[in-house]
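Novice: kindly generate the corresponding structure for this input.
(chains A and B)
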There are 2 protein chains.
Amino acid sequence: MKWSKKEKKIARAAFEKAYKTEMQRVREAVSKKVRDFSDENDVWRLHDYLTRKRREIDRKYDYRYSVLIFVLGRLLKEGFIGEDDLDGLSQEKLTKIKRFLEV
Amino acid sequence: MKWSKKEKKIARAAFEKAYKTEMQRVREAVSKKVRDFSDENDVWRLHDYLTRKRREIDRKYDYRYSVLIFVLGRLLKEGFIGEDDLDGLSQEKLTKIKRFLEV
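Specialist: The predicted structure follows:
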């Protein structure tokens, strides 16, 4: 599937918006965990959480055009981007991406 | 080197006090880092810090009698325990442990 210059720009912006939003959520989760620290091992539980999240986010945010339909579909499904963010992509791409909403 | 029952109790208490103190410092450092979060990658910098600290602390707090002189010597040198915490150990052990203060 070919991505035009304009489509690449739209996809990149949606991707970055999602990443920013997701990282903001992680920051909020970290702040809450730190506020709730009680025993000393909570520090290592925070470390475990961050290890998991980092692996998950590193895998999810894969900006290769060959997988971008899947990635955008997942971000849409998870609510990190809205349909508006995809305005301007071809109808074929939109259909494929929106199919993830039914998963 | 033999450790009497009484000495084991003293060593264990000193060891645990040091661990608690050190973990408290890590917690304070984490809280400060979280308060100072600015860009989104600070979350991963915090993760890197915790990965380093965890490895360091796991290695340092090695409660085997065969290495305990070294461990207590290091904790004394680093200020996580004081000489008072070692009261009751044999003179031979105290001399060896305190030698670390000169390192």
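Novice: and chain A, which residues reach chain B?
Specialist: By the rule C-beta under 8 Å from any C-beta of the partner chain, the part of chain A lying against chain B is A:19-20, A:23-24, A:26-27, A:30-31, A:34, A:37, A:40, A:42-44, A:46-47, A:50-51, A:54. The C-beta positions use only the backbone N, C-alpha and C, and glycine is treated the same way.
Novice: show the model's pLDDT score for residue A:13.
Specialist: Confidence at residue A:13, expressed as pLDDT, is 98.
Novice: which helix or which strand is home to it?
Specialist: Residue A:13 is part of helix A:5-35, with elements assigned from DSSP states H and E.
Novice: okay, the angle between that helix and helix B:5-35?
Specialist: Taking axes from the mean of the first three to the mean of the last three C-alpha atoms, to 10 degrees, one finds helix A:5-35 and helix B:5-35 inclined to each other by 140 degrees.
Novice: can I get stretch A:14-33 in CSV, CA atoms only?
Specialist: Coordinates of each C-alpha in stretch A:14-33 appear next as CSV, following Å, rounded to 0.1, in the frame of the first residue of the first chain:
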residue,chain,number,x,y,z
ALA,A,14,-1.7,11.0,14.4
PHE,A,15,1.1,8.7,15.6
GLU,A,16,2.8,11.4,17.5
LYS,A,17,-0.3,12.7,19.1
ALA,A,18,-1.1,9.1,20.3
TYR,A,19,2.4,8.7,21.7
LYS,A,20,2.2,12.0,23.5
THR,A,21,-1.1,11.1,25.0
GLU,A,22,-0.1,7.6,26.0
MET,A,23,3.1,8.9,27.6
GLN,A,24,1.1,11.5,29.5
ARG,A,25,-1.0,8.6,30.9
VAL,A,26,2.1,6.8,32.0
ARG,A,27,3.4,9.9,33.7
GLU,A,28,0.1,10.3,35.6
ALA,A,29,0.2,6.6,36.6
VAL,A,30,3.8,7.0,37.8
SER,A,31,2.9,10.1,39.9
LYS,A,32,0.0,8.3,41.5
LYS,A,33,2.1,5.2,42.3
